[in-house]
Structures are given as structure tokens and as C-alpha cells.
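Student: Here's a sequence, model it:
(2 chains)
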Number of protein chains: 2
Amino acid sequence: MTAPDVITSLQNPHVKRLVRLRTRREREREGVILIEGARELARAVAAGLLPSTLFTCEALYSPEAHEVAATLPGPRVRLSREAFEKVSGRENPDGLLALVPTPAPRLPEPGEDTVLVVLHGLEKPGNVGAILRTADAAGAAGVLVLGRGADVYSPNVIRASQGSVFALPVAALDEAAALAWLAERTFTRVACTPDAPQVYWDAPLTGRVALVLGAEHEGLPPAWRAAEVPVRVPMHGAADSLNVATAAALVLYECVRQRRPAAR
Amino acid sequence: MTAPDVITSLQNPHVKRLVRLRTRREREREGVILIEGARELARAVAAGLLPSTLFTCEALYSPEAHEVAATLPGPRVRLSREAFEKVSGRENPDGLLALVPTPAPRLPEPGEDTVLVVLHGLEKPGNVGAILRTADAAGAAGVLVLGRGADVYSPNVIRASQGSVFALPVAALDEAAALAWLAERTFTRVACTPDAPQVYWDAPLTGRVALVLGAEHEGLPPAWRAAEVPVRVPMHGAADSLNVATAAALVLYECVRQRRPAAR
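Tutor: Numbering: from 1, shown residues only, chains lettered A, B, ... in the order given. The predicted model follows:
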């Protein structure tokens, strides 16, 4: 027996809307993002975001989903297992999916030692999410997305970042505006490129640093490759053996290492 | 028109065998691995592996697949597009899939400054593959897999490693044998654990180093956590915000950094 207020029909308008919202275009049109999963929702709420609607399926709840669901405010819509699986983007959904107003773009107010991540042309959600997760762990102050660029609030990026994306200020700027914004605030642009003469650990990475990352195969266009500080990661194996998110992690943590108290 | 020697039937014994070989158990029973994709095959051949049979679908060839196919020796079996898509593990197959005898387990002959990677209980192919890719880039001498452990030659790991797995000696040992092997050769075991008192960049990581990595949530059992050198990665964000492959990359490259010529 299904309780009468549980949506079971795959033709229900809520179900059809959630399926439509899988596309970036529909999310942008409505000004909402989809956040699925207890951990990701907990991170979003911790960052001050609130669901406008929460879709639940108790039959699918993980223990963590039970806990998180109890703390979430706002209206709820209950879905049958079949309906939830239809709207879920996951192989093993945990019964929680929220519609949340798209976070307003934010640029960080840079401090003396601020590290920013600048994404150029990165598309793979796994890489973008991994970079956001590491940026959060390394204490980066925010993320600039160049042009239309990566959709950092796509369900796949949110998932790959494990919700870390919500802990970081994110803003999209066109390339010229980003260059001007960084220059006005005296950021040193650090670009990871395989042909840079300097290895990243030999580069001075204190002060305001903008770490510029490009797509693995295309790399960065000249205006961005001509950074004040181009750096490379030394490689022993095949030339393309380093993933862009791995290179980002190495340089981000070199920034942390050079800021450690003992180094001053 | 399909040429007469092209396999089109999904009931063909070759097709059925390739589908069966998607399971680890069947691959182990036959003593073969599946290598799909031009880049991965090129890496395997560069490492001295040779296909026992090459399955091709020219209609699906990428430009790189055209080039690599021309250099590969051995018998070929041509598949129709439909048959190839049936046996492929990829969303966008490039028309190359090889059966290759499973590489013999190899333990590296350690040198003075050898870095080894030891995998304990890691299961996610994406993480295992990413670690292998970085280990190759960082010049690690090989990989020890504890117990039955990760299937480093699964199609998903091969793919995530982009074929780097073939560049590295890999051996599976049971835990006691691995501890004895490492101790006899005076390896320092370095374990990444969140509660280690020392940050990885403060730890001495020269000489023979075995970097021990456990699953993200389970961590390492006491015998392995009690390493000579436990290290942690400092974290600013949420406690679980660092991926195991990211932590591995940071410590592997700290090994490289401490071995740089200027540091001697």
C-alpha cells in the first residue's frame, strides 16, 4: 500500500520537472540547482543554502539520510521508489533530493595570502568536482569560472566534489573581466603548463595567488598561459600521465606548504 | 553490406566470451586481461605486452586507433559495430579491444631511493587507476596489492590509469608476506592517516619508502596504521574532504621533492 500523498506516477508534473532540470539550460532558466544525497545536502545547509522543495523517498533512506532529513526545513514532496529512481541521477539513491535556489555568484574579498582557483575550459565533471574538493581542503578562498565554462553546480560536479562546492565562493567572469579583477587586486597568476621552466616547488607561491587550470588536452590560451609564474609538475612516466586535478592538488598544497608557520 | 569475415551475430562465441571476460573471475580463470582503447593498448605494447587476439571495428576507429592498429601484431577478429558495442565497456568505443595474457606478477628490485605504493582494501576503480597514473608520473618503482585486493587489471582501472598500470611492476602478496618483504629490504612504511601527528612535508621521505594507502572510509588496520612514519595531510575544509588518490599524489610528489638534486 502506498500512502495517498505519495507520488507514484511518472507522469506527475513534479517528476517531469525534475527530469527536465537535469539539463543545465533548464536549471538556469528556473534559477535552481538539484542537490542529491544526504552528505551533499548537509554541506549545502552548512553553507547557508536552503531547499525550496525537498523530495524524499523513505524506502530508500540511508541511515545518514534519515538523520539529515530530520534537520531539513521547508516543504516536502514524497515520491514512491519508482518515481524517485526516475528522477535520481545516481545508481544507489539515498532518498533525498532537493531543489535549491542557485547560489548567488560571489567573489571573495582577498586577504594577504589568498589562494584562488581559476578554471578555464574544464568540462569533465569528475575533474571539476575533484578540484573543488581539494580547493576546499587546501583552504582556497574561492573559484573563478571563465566565460560560460564549467557548470560547477551540475549534479555530477556536486557529487564529485562531495558537496565541497557549497563551501566555496564561486563566480563566473568573462576572460577580460577576470584578468582585470585579478590584476587590480595584485594576484600573481600561476599557470600549470608542461613546458614551464620552473618546477612548482621552486616557485614563490606566497601572497595572492590565482592558480589557473586548463583542460587536459587543450591547455590554456596564450593570454592565460603567459602567467607571471608558469610552473610544471616534473614527470617520470608518459607525458600525459598527470591528471589535471592531481596537478591542481600538488600546486594548491605547495601554496599551503609555503604558508606554513615554520616557513615564515 | 558487411564483409563476410566480419562477426555480426551477438551469439557468436567470440562475442559471448568477451562478455563473460568482463568479470574478474572469468579473466583469472583464463589468465587474460582485456585492454580497450588505442592509448591503453599503445601503453601496454610499449611495456612489452602483446595481444593474443585483437578485436577491431574499423567503423568505430578514432584517428589514434587507426595509427595504433597499424602497429599491432597478432591475429585479428573483425566485429560489426553492433557486436563491438556489445563487448565494449565504454560509452564511446574507438574500435580496438585486445585480449592479452595477464602480466606476470613482478616485485621490483629496490634501489637506494625506491618508492613503492602499497594498496590495502582499495576498491573504487577510479581511485586505484588515479593512484597508478600518479605513481607512474612520480617514478614509483612498483605497486604491492595486499591480499586479493584491488583488481588492478580490471577494464575500469586500466582506463582510469590511462594505461599507466602497464608501466609499473605489480604484485599481490598476503599481508604477512608483504610486511616481511618490506622489512627485509629496510623499507620505511609511510601511512597516510588523518590522526598522524606529523604533516607529510615534515616527514623524512628519502631512502626506501613504501607508501601505504587504505580505503577512504575504512582506513588501515592496526598492523599497517602502525607504520614507522604516519603522516597526515593538513585540511581546512570538512574532515573527509580529501580523496585518497589526492592524498597519495601529495605524498608521492613530496617523495620526489625530497629527492630533487638541489636537496642533496
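
Student: In terms of secondary structure, what does the least confident helix or strand in chain A by mean pLDDT contact?
Tutor: Across the helices and strands of chain A, mean confidence by mean pLDDT, DSSP states H and E is lowest for helix A:222-225: a mean of 79. Packing contacts for helix A:222-225, counted by 3 or more Cβ pairs under 8 Å, 6 or more residues apart in numbering or on different chains; DSSP states H and E, involve helix A:175-184, strand A:188-192, strand A:209-214. C-beta: built from backbone N, CA, C; applies to glycine.

Student: Let me see the residues that make contact with the shortest one.
Tutor: In other words, strand A:188-192. Taking contacts as Cβ atoms under 8 Å, 6 or more residues apart in numbering or on different chains, the residues outside strand A:188-192 that touch it are A:118, A:182, A:200, A:203, A:205, A:207-214, A:220, A:224-225, A:227-233, A:244, A:247-248, A:251.

Student: And the first one, by the same measure?
Tutor: Outside of helix A:175-184, the residues within contact range by Cβ under 8 Å, 6+ apart are A:107, A:116, A:118, A:120, A:144, A:146-147, A:173, A:189, A:210, A:223-224.

Student: tell me the secondary structure for A:D94?
Tutor: Look at A:D94: counting by DSSP: H, G, I helix; E, B strand; the rest coil, its state is coil.

Student: That one contacts A:E58, doesn't it?
Tutor: No: under the criterion of Cβ atoms under 8 Å, A:D94 is not in contact with A:E58, lying 10.8 Å apart.

Student: Those two: who's more crowded?
Tutor: When A:D94 and A:E58 are compared for neighbours, A:D94 comes out ahead with 24 against 16, by other Cβ atoms under 10 Å in any protein chain shown.

Student: Just give the nearest non-adjacent residue to the spatially most central residue of chain A, would you?
Tutor: When Cα atoms, centre = their mean is applied to chain A, the residue found nearest the centroid is A:V165 (3.8 Å). Using Cβ to Cβ, 6 or more residues apart in numbering or on different chains and skipping residues adjacent in sequence, the residue nearest A:V165 is A:L132, 4.7 Å away.

Student: quick one: the helix or strand containing the one you found to helix B:125-137, angle?
Tutor: Counting by DSSP states H and E, the element that carries A:L132 is helix A:125-137. With axes from the mean of the first three to the mean of the last three Cα atoms, to 10 degrees as the basis, helix A:125-137 and helix B:125-137 are set at 80 degrees to each other.

Student: which residues of chain A fall in helices?
Tutor: Counting by DSSP state H, chain A forms helices over residues A:13-20, A:24-30, A:38-46, A:63-71, A:81-87, A:125-137, A:155-160, A:175-184, A:222-225, A:244-258, given from the N-terminal end onward.

Student: So which of these is nearest B:H14?
Tutor: Within those, the stretch nearest B:H14 is helix A:125-137; the backing value is 32.5 Å (Cβ to Cβ).

Student: what residues does the stretch 151-264 of chain A put near chain B?
Tutor: In this structure, the stretch 151-264 of chain A approaches chain B at residues A:162-164, A:167, A:199, A:201, A:233-238, A:240-243, A:245-246, A:249-250, A:253, A:256-257, A:260, judged by Cβ under 8 Å from any Cβ of the partner chain.

Student: could you check the angle strand A:209-214 makes with the helix holding A:L132?
Tutor: Going by the same axes, to 10 degrees, helix A:125-137 is angled at 170 degrees with respect to strand A:209-214.

Student: Tell me what angle helix A:125-137 forms with helix B:244-258.
Tutor: Computed by the same axes, to 10 degrees, the angle between helix A:125-137 and helix B:244-258 is 70 degrees.

Student: can you list contacts of helix A:125-137?
Tutor: Helix A:125-137 has contacts (Cβ under 8 Å, 6+ apart) with A:117, A:119, A:122, A:143, A:150, A:152, A:154, A:156-162, A:164-165, A:167-168, A:213, A:216, A:243-245, A:248-249, A:252, B:126, B:233, B:235-238, B:241-243, B:246.

Student: Just the buried ones out of those residues, please.
Tutor: For the contacts of helix A:125-137, a neighbour count by 16 or more other Cβ atoms under 10 Å in any protein chain shown gives the buried set as A:117, A:119, A:122, A:143, A:150, A:152, A:154, A:157-162, A:164-165, A:167-168, A:213, A:216, A:243-245, A:248-249, A:252, B:126, B:233, B:235, B:237-238, B:241-243, B:246.

Student: So A:A176 versus B:Y200, what's the distance?
Tutor: Applying Cβ to Cβ, to the nearest Å, one obtains 39 Å for the distance of A:A176 from B:Y200.

Student: Of these two, give the one with the bigger neighbour count.
Tutor: Under the criterion of other Cβ under 10 Å, the comparison of A:A176 against B:Y200 puts B:Y200 first, with 25 against 10.

Student: any idea what sits nearest the more buried one, other than its immediate chain neighbours?
Tutor: When the adjacent residues along the chain are set aside, B:Y200 lies closest to B:V231, with 4.0 Å between them (Cβ to Cβ, 6+ apart).

Student: Pull out the buried members of the contacts of strand A:188-192.
Tutor: Neighbour counting by 16+ other Cβ under 10 Å classes A:118, A:182, A:200, A:203, A:205, A:208-214, A:220, A:224-225, A:227, A:229-233, A:244, A:247-248, A:251 among those as buried.

Student: Adding mean pLDDT and distance to B:S80, write the helices and strands packed on helix A:222-225 out as JSON lines.
Tutor: Below are those laid out as JSON lines (pLDDT from 0 to 100; distance: least, Cβ to Cβ, whole Å):
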{"stretch": "helix A:175-184", "mean pLDDT": "93", "distance to B:S80": "46"}
{"stretch": "strand A:188-192", "mean pLDDT": "92", "distance to B:S80": "43"}
{"stretch": "strand A:209-214", "mean pLDDT": "93", "distance to B:S80": "39"}
